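A.B. asks: Sequence first, then the predicted structure:
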Amino acid sequence: ETLFKVNDDGTISPWLVEEYKNTDDTTWELKIKDGIKFSNGKQVTAKEVKASLDRILDKEEISAGKALSVDSIDADGQKLTIKTSKPNPALPNQLCDPDLVILDVDSEDMKTKPVGTGPFIIESFNEKQCVVNKNENYWDGDVKLDKVTIDYISDNDTLSASLQSGDIDIAGGLSFTNLQKFEKDSNYKVDTNSTTRCYMFYYNFKNELLNNKNIRKAIDMCIDKKSYVSSLLQGSGEVAKGPFPTTMDIGKDVKDNGYDVEEAKKLLKEAGCKDTDNDGILEKDGKKLSFDIITYSSRAELSDISTALQDKLKEVGIEIKDINIYEAVEDQLASGDFDICAYSWTTAPIGDPYYFLGYNYISDGDCNYGKYKNEEVDKLVKELAVEFNQDKRAELSNKIVQIGNDDVAFSYVAHLTKGYAMKSNVSGFRQTSSDYYELNKDMDIK
């Protein structure tokens with residue numbers, strides 16, 4: 001568990017914290033709740049919380065720690081005082097990050113059996129499976145299940161079949177086509193919730209052709225978002241105008257480029273693109289407008305969207321030569337070995353815009369894989385980083401995203417309504433908008 005948690009509306013609430021305040025721009029005072037124990041029975045005081053946070057702050061490779069901009073942490077009883085090296089208005093939001101879960105750093109085996117405060121105790125875990133047992137010392141009430149096994153199944157059809165065969169009780173991340181099957185069967189039930197998970201496209205600005213704004217905009221205007229949501233996503237989502245849903249203050253004042261194939265053709269003509277050899281593919285400066293799309297298998301709709309876009313782009317003379325589906329695409333993104341990437345982000349998991357914008361929009365952002373650069377955006381993102389007023393943070397967020405939309409820095413397709421399918425005898429499971437907290441003390445199987 002973390003010190004704070006994200007609510008479904010994007011706001012945050014204290015979790016392991018009783019109360020908190022910022023006494024000045026760089027000082028935060030947090031009171032840790034009394035009576036909380038780690039799963040090994042050890043009391044949680046500010047000292048243990050400080051040790052847990054210090055452990056992450058010492059790891060340079062973990063961005064969640066760096067984002068806090070901590071200068072010092074002091075512990076006195078249940079009072080934790082965090083001083084930052086610069087104003088950090090998003091600190092409570094950042095403390096929702098799962099990388100900052102509170103653990104007992106003095107436990108015997110941190111690498112294989114970390115000890116936390118949550119309703120379950122880790123028995124074992126690897127890349128494919130995690131097994132947890134009931135925490136008898138849980139501070140927030142009785143835990144109903146004795147044991148939970150979490151399996152990672154990347155293939156959607158295999159995941160669906162595993163639920164139908166009874167091998168698993170709950171399936172998350174199912175395609176919407178598979179979800180519909182379970183909705184119609186009384187032996188199962190489906191739990192859905194609107195999320196900030198967004199389907200989007202990265203463009204590689206180091207590709208000479210994709211570095212041309214008109215070409216990117218033409219591609220963007222061939223994305224039939226409304227049709228994709230209704231058909232490919234079976235209505236389980238909403239059209240995305242930017243990274244954040246328009247229901248949130250941080251995304252409500254954004255306009256996209258719209259869907260207009262004829263306008264896309266005009267833009268390509270203005271860019272000097274011509275089909276000189278009459279093969280149906282335009283060229284610019286002797287180079288064919290031919291690109292590859294990469295994506296990954298665990299989000300089946302991404303390949304469906306890519307295929308639909310491939311067909312539409314043919315109409316305007318742009319070729320998507322190959323759609324390459326990997327189990328994961330992070331290596332290709334990090335190395336810059338891609339043209340276009342269909343990707344999925346939970347854009348506001350901690351309820352704050354800086355999380356996504358700081359990673360993706362700023363020139364040296366850790367996840368700015370396409371190397372988008374705009375000096376005004378860099379300036380505004382830096383302003384966002386130190387702005388405490390929530391209304392102004394929303395205003396800055398909308399402005400940054402709008403500039404990015406005008407630049408066609410990325411293309412946003414849809415915000416998902418996420419669904420889990422489960423056996424009808426499962427109770428207490430509640431899917432959340434943040435993609436966190438699903439595993440809880442109230443889950444049960446009758």
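C.D. replies: Ah, there it is.
A.B. asks: May I have the beta-bridge partners of the residue most central in space within the chain?
C.D. replies: Of all residues in the chain, the one closest to the mean position by CA atoms, centre = their mean is residue 346, 2.0 Å from it. Residue 346 has these beta-bridge partners by DSSP bridges: residue 197.
A.B. asks: And for residue 28?
C.D. replies: residue 22, residue 82.
A.B. asks: For the stretch 251-400 of the chain, which segments are assigned as strands?
C.D. replies: If DSSP state E, counting those that start in this stretch is used as the criterion, the strands of the stretch 251-400 of the chain fall at 283-284, 287-288, 290-296, 319-326, 340-346.
A.B. asks: returning to that earlier point: residue 241 versus the residue nearest to the centre of the chain, what's the distance?
C.D. replies: Residue 346 sits 17 Å away from residue 241, going by CB to CB, to the nearest Å. Glycine gets a C-beta too; all of them are placed from N, C-alpha and C.
A.B. asks: So for the longest helix anywhere in the chain, could I get the coordinates as CSV, restricted to C-alpha?
C.D. replies: As assigned by DSSP state H, the longest helix anywhere in the chain is helix 390-407. C-alpha atoms of helix 390-407 as CSV (Å, rounded to 0.1, in the frame of the first residue of the first chain):
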residue,chain,number,x,y,z
GLN,A,390,-5.1,23.1,-9.2
ASP,A,391,-7.1,25.4,-11.6
LYS,A,392,-3.9,26.7,-13.1
ARG,A,393,-2.5,23.2,-13.4
ALA,A,394,-5.5,22.2,-15.4
GLU,A,395,-5.2,25.3,-17.6
LEU,A,396,-1.5,24.5,-18.2
SER,A,397,-2.3,20.9,-19.0
ASN,A,398,-4.9,21.8,-21.6
LYS,A,399,-2.5,24.3,-23.2
ILE,A,400,0.3,21.9,-23.4
VAL,A,401,-1.8,19.1,-24.9
GLN,A,402,-3.4,21.6,-27.4
ILE,A,403,0.1,22.7,-28.7
GLY,A,404,1.0,19.0,-29.0
ASN,A,405,-2.2,18.3,-31.0
ASP,A,406,-1.5,21.3,-33.3
ASP,A,407,2.0,19.8,-33.8
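A.B. asks: tell me which strands and helices that helix is in contact with?
C.D. replies: Taking 3 or more CB pairs under 8 Å, 6 or more residues apart in numbering; DSSP states H and E as contact, the helices and strands that helix 390-407 lies on are helix 354-360, helix 375-385.
A.B. asks: Need the residues that contact the first one.
C.D. replies: It refers to helix 354-360. Here helix 354-360 makes contact (CB atoms under 8 Å, 6 or more residues apart in numbering) with 63, 67, 90, 93-94, 243-244, 345, 347-349, 365-368, 372, 381, 384-385, 393, 397, 400-401, 410.
A.B. asks: Report the secondary structure state of residue 157.
C.D. replies: Going by DSSP: H, G, I helix; E, B strand; the rest coil, the secondary structure assigned to residue 157 is helix.
A.B. asks: So what's the residue count around it?
C.D. replies: Residue 157: 13 surrounding residues under other CB atoms under 10 Å.
A.B. asks: Could you pull up the residues touching it?
C.D. replies: residue 178.
A.B. asks: Check it and give its pLDDT.
C.D. replies: Residue 157 carries a pLDDT value of 90.
A.B. asks: Please apply the same query to residue 431.
C.D. replies: Note for residue 431: predicted pLDDT of 82.
A.B. asks: give me every residue that touches it.
C.D. replies: 172, 191-193, 418-420, 438.
A.B. asks: cutoff 7 Å now
C.D. replies: Residues in contact with residue 431, defined by CB atoms under 7 Å, 6 or more residues apart in numbering, are 191-193, 418, 420, 438.
A.B. asks: ditto for residue 43
C.D. replies: With contact taken as CB under 7 Å, 6+ apart, residue 43 is in contact with residue 37.
A.B. asks: For it, which residues count as its bridge partners?
C.D. replies: Residue 43 forms beta bridges with residue 37, as assigned by DSSP bridges.
A.B. asks: so where is the stretch 101-250 of the chain shaky, pLDDT-wise?
C.D. replies: Within the stretch 101-250 of the chain, no stretch falls below the threshold (pLDDT under 70).
A.B. asks: And the helices in it, which stretches?
C.D. replies: Remark: helices assigned in the stretch 101-250 of the chain by DSSP state H, counting those that start in this stretch are 156-165, 176-183, 213-220, 225-227.
A.B. asks: so which of the ones you listed gets nearest residue 333?
C.D. replies: Of all those, helix 213-220 sits nearest to residue 333, with 17.3 Å by CB to CB.
A.B. asks: Send me the closest one as CSV with only the CA atoms.
C.D. replies: The C-alpha trace of helix 213-220 is given here as CSV (Å, rounded to 0.1, in the frame of the first residue of the first chain):
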residue,chain,number,x,y,z
LYS,A,213,4.0,17.9,-39.9
ASN,A,214,1.7,17.7,-42.9
ILE,A,215,2.4,14.0,-43.2
ARG,A,216,1.7,13.3,-39.5
LYS,A,217,-1.4,15.4,-39.7
ALA,A,218,-2.7,13.5,-42.7
ILE,A,219,-2.2,10.2,-40.9
ASP,A,220,-3.9,11.7,-37.8
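A.B. asks: If you count neighbours, what's buried in it?
C.D. replies: For helix 213-220, burial by neighbour count (16 or more other CB atoms under 10 Å) applies to 214-220.
A.B. asks: Next, format those residues as JSON lines and append distance to residue 270.
C.D. replies: Shown next, in JSON lines, are the buried residues of helix 213-220 (distance: CB to CB, whole Å):
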{"residue": "214", "distance to residue 270": "6"}
{"residue": "215", "distance to residue 270": "10"}
{"residue": "216", "distance to residue 270": "13"}
{"residue": "217", "distance to residue 270": "10"}
{"residue": "218", "distance to residue 270": "9"}
{"residue": "219", "distance to residue 270": "15"}
{"residue": "220", "distance to residue 270": "15"}
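A.B. asks: Out of those residues, flag the one nearest to residue 85.
C.D. replies: residue 216 (37.1 Å).
A.B. asks: Skipping adjacent residues, who's closest to that closest one in space?
C.D. replies: Sequence neighbours aside, residue 408 is the residue nearest to residue 216 in space, at 4.0 Å (criterion: CB to CB, 6 or more residues apart in numbering).
A.B. asks: give the contact list for the one you found.
C.D. replies: Residues near residue 408 by CB under 7 Å, 6+ apart: 213, 216-217, 220.
A.B. asks: show me where the stretch 101-250 of the chain has strands.
C.D. replies: Under the criterion DSSP E, counting those that start in this stretch, the stretch 101-250 of the chain carries strands at the ranges 120-125, 129-134, 147-151, 170-172, 188-203, 237-239.
A.B. asks: list the helices and strands the first one packs on?
C.D. replies: Of the remaining helices and strands, those touching strand 120-125 by 3 or more CB pairs under 7 Å, 6 or more residues apart in numbering; DSSP states H and E are strand 129-134.
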